[in-house]
Every structure is written in C-alpha cells, then in structure tokens.
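>>> I'd like to go over a predicted model; first the sequence, then the structure.
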Amino acid sequence: MITESFSEEREALFSPGAFLGERKYLCDTAIATFSGEIYQAVIDKYPHREVAHIGSANGCKPVYAIEINGKEIVFYLSSIGACLAGIDIIEMQWQTGVKNLIIFGSCGALDSEATNGRYIIPTQAYRDEGMSYHYAPPADYMEIKNSERLAEIFEELRLPFVKGRIWTTDAPYRETKTAVEKRKNDGCLAVEMELAGVQAVCDFHEIELYSFVMTGDVLDGEEYVLEGLDEANHCLDNFKIAVKIAEIIERGKTK
C-alpha cells in the first residue's frame, strides 16, 4: 500500500550525484514557475546565465541564475504534477544549494465565494497524490509549515489573500462532483496538482518552501467554468510577487 511507502532510512541506492556530479552552492533562494509564458518573459527581461540543468530521456531543461536589483536568484520552469515537480526540486537544489524555494501557480476554486479576487496561501494539502508518501509519514494532510510567515509577507505587501486547506491530486480528470464535495466539506478552498508532494520533498531535503496560488477554473458551481484559468496560469504579476517574497525572506524579517 502507498501508505506504507515511507521509511526513516535517509540513504537511497543512488542520489542525484550519480547523474549530476558533486553538490554545488550558488545562492540561497530559487523561484519556480509552472508557466512557459512567464518563464520566457522573465528570461527575455532579466540578465541571466545557465547554472544547472534538469534532465531526463525527454531532454534537458536549463536552470538559470537571473540578476534582479544586483542580486542573483535561481529561476527555472517546473514540471507539472507532484512527482516531476518534486524531482525537479531535488535536482535543482543539488546543483545550486538553495535554502528557500518560492513556487506559485494556478488552482481550481472549490469555494469561489471565499477565493474570488484573492490569492490562496495554503495551510495544509490533502495528499491525493503519490510523491509525498515516500518523503513523509502517512497522514491525510501535509502541513504547509511556512503559511503563517507567507501570510505576514502578503500583509506587508498589501495583497488580498485567504488562508486554508487545498487538495493535491494526481488525477485531474477524476475530479468528480462527489470528490469535490468531500474535499470542500473538509475545508479545502481549491484543488491543484503539486503542493503536497512538493512540501514533503522540501521538508525531507531541508528547503524552506513558500507557496501561493491563484484560482482560475471554478468547480463548485452547477457547471465547470474554465474562464480565468489562462490568466491564473500566466499572470506575470505573480512572478513579481515572488521576487518581493524572495527579497523579504533574504533580509530575514517583515516590517
């Protein structure tokens, strides 16, 4: 059973070093986006240099150091889905040594009244995926441990937000009415595909994760509503928010 997959044993049969060589250190903070449009816009705008890569039989993705306000931050395009996003983090961190990761993306609204016009800062993620069970003891929910700190930062930046549970699933085409109602009744505000696994990987590898999401499609109405998903996926303002978060956590305090 997948709930029996976690082991306290730290050493695996092989590490990223088998493919990527020795560990390296570049800087403390990374930003990841799931949007190819945001990724290209950032690379086009900011000075950058390739510092690492994430590779597989599908090909290699570059990892960049981008220069913003005279300081370098690691930046890369994350794969979609908890498993691949988690592997990207492990390989990125092996080659850059980052301690903080800011990751943002879209989600589907399960409580559109509470989330309309607001960012969501997840506090817990329902573990309806596979990756987290290999990196954390079994439980229904994964604690998103920096949610309070991120809420403080959003307050400092005067950004509208709501805190609450979300649902991470590997199977978006199995988001049935019954499943939506269960998760909504359990207090989940939205559904997405990465956070439970990503948080588990970050905890295991001692990376401080800061994650926020923007609702796009809506699942709590009589019919599924797709309008808004494109904006949530590709809103460049979200990258600008991530940069401000990076600046605040690197100076170590909020105002």
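Arrived safely.
>>> tell me what the helix or strand hosting I73 is packed against?
Element membership for I73, per DSSP states H and E: strand 71-77. For strand 71-77, the packing partners by 3 or more CB pairs under 8 Å, 6 or more residues apart in numbering; DSSP states H and E come out as strand 29-33, helix 36-45, strand 48-56, strand 59-68, helix 82-96, helix 236-251. Any C-beta I mention is one placed from the backbone N, CA and C, and that applies to glycine too.
>>> may I have the phi/psi pair for I102?
Reported as degrees, to the nearest 10, the phi and psi values for I102 are phi -110, psi 120.
>>> ok, Y46 next?
According to degrees, to the nearest 10, Y46 has phi -110, psi 150.
>>> okay, and the beta partners of the closest residue to it other than its chain neighbours?
Taking CB to CB, 6 or more residues apart in numbering as the measure, Y46 lies nearest to I66, with 4.4 Å between them; neighbours along the chain are not counted. When bridges are assigned using DSSP bridges, the partners listed for I66 are H48, I73.
>>> I66 is in contact with E50, isn't it?
No - taking contact to mean CB atoms under 8 Å, the distance of 10.7 Å between I66 and E50 leaves them out of contact.
>>> compare neighbour counts for these two and give me the winner.
Ranked by neighbour count (other CB atoms under 10 Å), I66 and E50 place I66 first, with 20 against 9.
>>> A190: what secondary structure?
Using DSSP: H, G, I helix; E, B strand; the rest coil, the secondary structure recorded for A190 is strand.
>>> what does the pLDDT read for it?
A190 is assigned a pLDDT of 98 by the prediction.
>>> so what pairs up with it in the strands?
Judged by DSSP bridges, the bridge partners of A190 are A109, I166.
>>> per-residue confidence averaged over the host helix or strand of Q199?
Following DSSP H and E, one finds Q199 within helix 195-204. Per-residue pLDDT values over helix 195-204 give a mean of 98.
>>> which other residues reach it?
The contact list for helix 195-204, computed with CB atoms under 8 Å, 6 or more residues apart in numbering, reads 82-83, 85-86, 89-90, 101, 103, 122, 125-136, 141-145, 166, 168, 207-209, 211, 213.
>>> buried stuff in it?
Within helix 195-204, the residues that count as buried by 16 or more other CB atoms under 10 Å are L195, A196, G197, V198, Q199, A200, V201, C202, D203, F204.
>>> so the residue sitting nearest the centre point of the chain bridges to which residues?
Centroid-nearest residue in the chain: I103, 4.0 Å away (criterion: CA atoms, centre = their mean). I103 has these beta-bridge partners by DSSP bridges: A32, S211.
>>> any buried residues in stretch 51-63, and which?
Neighbour counts using 16+ other CB under 10 Å place V51, A52, I54, K61, V63 of stretch 51-63 among the buried residues.
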